[in-house]
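# My questions concern the predicted model and sequence given below.
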Amino acid sequence: MPAVGLDYLGITSDTVFYGVFVSGAIALLARKTLKKLSFEKKAVIFILTTIGLRIFFFLTATQNEFPTGEVYFADVPALQHPYQFPWEAPYGVLWYGITLLGTWLVNPFIVMSHVGCPGDCMAELHYLNGTIRFLPYTVQDWNLGISMMTAYTIMSIPFYWLLRKSTLLVGFFITDNFFWATTPVNVPILLLAVLGMFSWKLLPLAPLAKLPFGSELFKGWDVWHYAFTSASSIGHWFPHVMYGIWWAAAIVRWTPWKHAWNFRPNSMELQNLNSLQEKAG
């Protein structure tokens, strides 16, 4: 198995800083101001902030940070030949469908924009054992990687509007930007988990996309075996916990429990919270 499979982490400390601290700090600093704005204005602010952050990160990040080496040596090859190797994007057919559709729709515009490949198309890979390797990739790989990251941004934008009346908007802002900067392959999983808050019938979509459902039709059970034996570090498990929490919140939203914190993606949640505060007063 290639070294970029089992033991590759693919993120740097600078990337984590972007994903957590920058987005979290902005959300906290803007908290008081946002309370005075309408739901629609809040959504627009979060959308513009997200786009601005990502443009800034793209312009300032070094080659090993945007996109991560994992994009070029696992995700892009997987999009070019799904399930050829178990360690390349071991996700479900649903994930491939979403990512392929978005990437290939955006790719012609990225190619026409002639976004230059920095660092002579050389990626810096960081491994869990401390090893650092420099590996080349092609301009086509670069364009596909940028197309995938752009497509994920376009997919995320409507969710800021859908959650504009929910107290989960700030949490989604932080999680979405963290995933996009560190493990972008998890962005579709997050979006599918959030969709489960709008209909209980959509709850199965997130696990169907994350787990390699459908891979057995192409690669037997090799992808399933890799998916359940490769995540041996906290760095690998942490994203699973994050979108798992979102999926669990979507499940709670459809329980019969009567409580204010019901994770409803509409104003009912805020109304319930306000009514409880009034009773307490």
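Perfect, I can see it now.
# contacts and neighbour counts: CA atoms only from here.
Will do.
# Show me where the stretch 1-150 of the chain dips below the pLDDT cut-off.
1-35, 61-69, 118-119, 124-130 (pLDDT under 70).
# quick one, helices of the stretch 1-150 of the chain?
Listed in chain order, the helices of the stretch 1-150 of the chain (DSSP state H, counting those that start in this stretch) span 3-6, 13-16, 23-29, 31-35, 39-60, 69-70, 76-80, 93-113, 139-162.
# Can I get these in JSON lines including distance to Met242 and mean neighbour count?
Shown next, in JSON lines, are those (distance: least, C-alpha to C-alpha, whole Å; neighbours: other C-alpha atoms under 10 Å):
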{"stretch": "helix 3-6", "distance to Met242": "21", "mean neighbour count": "16"}
{"stretch": "helix 13-16", "distance to Met242": "14", "mean neighbour count": "16"}
{"stretch": "helix 23-29", "distance to Met242": "15", "mean neighbour count": "16"}
{"stretch": "helix 31-35", "distance to Met242": "22", "mean neighbour count": "12"}
{"stretch": "helix 39-60", "distance to Met242": "19", "mean neighbour count": "16"}
{"stretch": "helix 69-70", "distance to Met242": "19", "mean neighbour count": "26"}
{"stretch": "helix 76-80", "distance to Met242": "24", "mean neighbour count": "19"}
{"stretch": "helix 93-113", "distance to Met242": "18", "mean neighbour count": "17"}
{"stretch": "helix 139-162", "distance to Met242": "16", "mean neighbour count": "20"}
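# neighbours around the nearest residue to Pro204 once chain neighbours are set aside, how many?
Spatial nearest neighbour of Pro204, excluding adjacent residues (C-alpha to C-alpha, 6 or more residues apart in numbering): Gly196 at 7.9 Å. Gly196: 23 surrounding residues under other C-alpha atoms under 10 Å.
# Looks like Gly196 contacts Ala249 (just checking).
No - with contact defined as C-alpha atoms under 8 Å, Gly196 does not count as touching Ala249 (9.0 Å).
# With distance to Trp237 added, can I get the helices of the stretch 1-150 of the chain in TSV?
What follows is the helices of the stretch 1-150 of the chain, written out as TSV (distance: least, C-alpha to C-alpha, whole Å):
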stretch	distance to Trp237
helix 3-6	13
helix 13-16	15
helix 23-29	21
helix 31-35	30
helix 39-60	24
helix 69-70	16
helix 76-80	21
helix 93-113	19
helix 139-162	21
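# which helices and strands does the helix or strand where His240 lies pack with?
His240 is part of helix 234-253, with elements assigned from DSSP states H and E. Here helix 234-253 touches helix 187-195, going by 3 or more C-alpha pairs under 8 Å, 6 or more residues apart in numbering; DSSP states H and E.
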